[in-house]
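> Sequence first, then the predicted structure:
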Amino acid sequence: APWSIRNTLTFDEPVLVTTVDGSVLAGANLPSTYSGPLMGAWDYKGLFRSRLRTDNEAVQSRRWRRAALDYAGDHVSRLPAGFAVRIARTWNLYPLDPLDRASFAAFHYKYVRWIEPISNLLLYAAIVLAIAGGLALRRRRAELWILLAPVVLVTLVSVFAFGDPRFRHAADVALVLLAAVGLERFLGRLLSRARARSGGPAPGQAPEGRAPATA
């Protein structure tokens, strides 16, 4: 409250926490971000080429926000495709060409280009294992919402803001935990099949003639 009251009095505009919402929306709703190489992303240069500049940051944010909503309203037919691309960018699924993705990340985020294809493959493997882990936990009637909430939040932020891989970091911990469950299930099945072929006991089953250990 002290921060919001101070800013509201200083800028003569209601400011709840910050004034960056206007720049986020305006930079993501431009001709350059509705088609072309920057589709679904955020255009810094396009944002600051606009003629809406003022020294009052709250007024500036309001102008950018209004311009963004006006542009989005005038291009409603493009929004579904734009939303899909934003989500895909956050989850490293766009651009579709892996080399284009690596080049984009190296240029815009200063990532190491040759590492990008490797990290993407690891991400996709983690996503597959996480889906398997989530299904396994569901079958066990475990509480999944606390792990799925960050994933949903990241996706919604991407839809209403823009696509960016760093947004996904909020969901990475949950993704790794679910992937660990999926990996454990996968390795457990392989071990069970291997023991079945060799005639040994399945995991959790005591050898013949011995009682199973109890905790």
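Right, received. Where do you want to start?
> from here on, contacts and neighbour counts on C-alpha atoms
Will do.
> Give the buried residues for stretch 147-165.
For stretch 147-165, burial by neighbour count (16 or more other CA atoms under 10 Å) applies to 147, 150-151, 154-155, 157-159, 161-165.
> Which of the residues in stretch 107-124 are classified as buried?
113, 116, 120, 123.
> For those, give me TSV that also has secondary structure and pLDDT.
Formatted as TSV, these follow (DSSP: H, G, I helix; E, B strand; the rest coil; pLDDT from 0 to 100):
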residue	secondary structure	pLDDT
113	helix	84
116	helix	86
120	helix	89
123	helix	92
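> Let me know the closest of those residues to residue 180.
residue 123 (13.0 Å; CA to CA).
> measure that closest one to residue 196 for me?
For residue 123, the distance to residue 196 equals 32 Å [CA to CA, to the nearest Å].
> same thing with residue 29?
In terms of CA to CA, residue 29 sits 58 Å off from residue 196.
> which one of these two has more residues nearby?
For residue 29 versus residue 196, neighbours defined as other CA atoms under 10 Å are more numerous around residue 29 (31 against 12).
> Spatially nearest residue to the more buried one (excluding sequence neighbours)?
Of all residues not flanking residue 29 in the chain, residue 68 sits nearest, at 5.4 Å (CA to CA, 6 or more residues apart in numbering).
> which one among the buried residues of stretch 107-124 gets closest to residue 81?
Closest approach between the buried residues of stretch 107-124 and residue 81, by CA to CA: residue 120, at 22.5 Å.
> In this structure the closest one contacts residue 90, no?
No - applying CA atoms under 8 Å, one finds residue 120 not in contact with residue 90, separated by 11.8 Å.
> what about the residue nearest to residue 29, neighbour count?
Each residue near residue 68 was counted by other CA under 10 Å, and the total is 21.
> Do I have it right that it meets residue 21?
No - using CA under 8 Å, residue 68 is not in contact with residue 21; the gap is 10.5 Å.
> for the longest helix belonging to the chain, packing partners?
When the chain is parsed with DSSP state H, its longest helix is helix 169-198. Identification of packing neighbours for helix 169-198 by 3 or more CA pairs under 8 Å, 6 or more residues apart in numbering; DSSP states H and E yields helix 116-139, helix 145-160.
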